[in-house]
Structures are given as structure tokens and as C-alpha cells.
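Peer 1: quick one: sequence plus predicted model below, questions after.
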Amino acid sequence: MAKTKSDLVFPVYRVPETNPIIYEGTRVYTSPEDGERTIDDTSVPGYTIGIRRLKLSAEGVKLVRLRYKFSMWQALVTHKEGGKGLYIDSSGYTFLYKPSQFITINWFEVACQVDQGSGTLLYLKGHNIPVKYRRILDLELTWYAGIASLEGDIILFDLCNEPKPRTKRKI
């Protein structure tokens, strides 16, 4: 049964599509020329894919390298490759994500920032909801944030030093 965005268990990982993916019972794996490599096995005890993969690795099972980890939906849809591809969530559910909906990106000037330790809250002129960013900005420069709203979520797409016109992006 297909899951909705709210049913996915984050973090979500991008599955490389270099070899065909094989689904066999509780196991998801590939079979490249150098031997079988497991992506996940939900029969192994562990609440998350990370714990299951650690246990599989300790047992000597060869694993597929999962290069991209997305801790939240915003990170997936703003990924440099546009998010398109095959993913696996922490519960072991695999899904194909293909951008299919257009959203509008509006640009706002960054008025101030508040350091939160693990990130920064950006307060924007003309926008009443602060946006979280993972770094601290140099406020000697003027910054503009490209944001969009999707199902109540505020998504930060880009930061730049020049204002840009309103644009659309397919997510």
C-alpha cells in the first residue's frame, strides 16, 4: 500500500539505481557483478534502517552504499538533483519520487537572524514566519531567501545576494 508524505519515517535515503533492485520477502537488495549487496532487511531487529544496517554489517553482509540522507521533506525536494529517484525510508518502505507539482517561490529580504546552536532562524521582511537555515549568514551582506509554501510547510529553496523575480519550481 502506498504511503503519503506524512506516513514516511524520516530519515529517508536515496537508493542508487546502478543495478536493478530486487525485492524478496523482507529483503531489498541488488545483484551487481561483484556479488549481492543488501539495502535493507526488515526481518533484522531494529526500529530504523540505520540500526538494521549496522547489525547486517556486523554479520558480514555486504551493503549498498546509501550516499544521500534526508532528515526532512524539505531537504528531499530541494536536493540538487531535484529529488527525482528511488528512496527508502527508515521503516524499510521503498518509493519512487518524481516531481509532479508546481509551487511558487517568492523572494524576501533577510531582516535578521537568531543563532540556535544547530542552525539559524531567519526573519524575513514581509513574511511573518521565521525560516530555519543550517548555517550563520554574514549580515554585512544583504541576503534574500527564496521560500515556498506547501501544505502548510515553509520550504527554503535558496539564499542569494540579489533579489530574484517570483519563480515556479516542480517538486
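Peer 2: Perfect, thanks for sending it.

Peer 1: other residues contacting the lengthiest helix in the chain?
Peer 2: When the chain is parsed with DSSP state H, its longest helix is helix 49-58. Contact with helix 49-58 is made by 13, 38, 40-42, 44-46, 63, 88-92, as judged by C-beta atoms under 8 Å, 6 or more residues apart in numbering. Every residue, glycine included, has its C-beta placed from N, CA and C.

Peer 1: list the buried residues of that helix.
Peer 2: Ile49, Arg52, Arg53, Leu56 (16 or more other C-beta atoms under 10 Å).

Peer 1: tabulate these (TSV), appending pLDDT.
Peer 2: Output for the buried residues of helix 49-58, formatted as TSV (pLDDT from 0 to 100):
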residue	pLDDT
Ile49	94
Arg52	95
Arg53	95
Leu56	95
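
Peer 1: and of those, the nearest to Ile129?
Peer 2: Ile49 (31.8 Å; C-beta to C-beta).

Peer 1: can I get the lengthiest strand in the chain in CSV? Just the C-alpha atoms.
Peer 2: Looking across the chain with DSSP state E, the single longest strand is strand 102-115. The C-alpha coordinates for strand 102-115 follow below in CSV (Å, rounded to 0.1, in the frame of the first residue of the first chain):
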residue,chain,number,x,y,z
PHE,A,102,4.5,23.2,-9.4
ILE,A,103,5.0,25.6,-6.5
THR,A,104,5.7,29.3,-6.5
ILE,A,105,9.0,30.6,-4.9
ASN,A,106,8.8,34.1,-3.5
TRP,A,107,11.9,36.1,-2.5
PHE,A,108,12.2,38.0,0.7
GLU,A,109,15.0,40.1,2.2
VAL,A,110,16.5,38.6,5.4
ALA,A,111,15.9,41.2,8.2
CYS,A,112,17.8,39.4,11.0
GLN,A,113,19.0,36.0,12.2
VAL,A,114,18.9,34.3,15.5
ASP,A,115,21.6,31.6,16.2
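
Peer 1: for Pro11, grab the count of nearby residues.
Peer 2: For Pro11, the tally of surrounding residues (other C-beta atoms under 10 Å) stands at 19.

Peer 1: any idea how far it lies from Asn161?
Peer 2: Distance, Pro11 to Asn161, by C-beta to C-beta, to the nearest Å: 31 Å.

Peer 1: cool, Thr104 as well?
Peer 2: 22 Å.

Peer 1: that'll do, ta.
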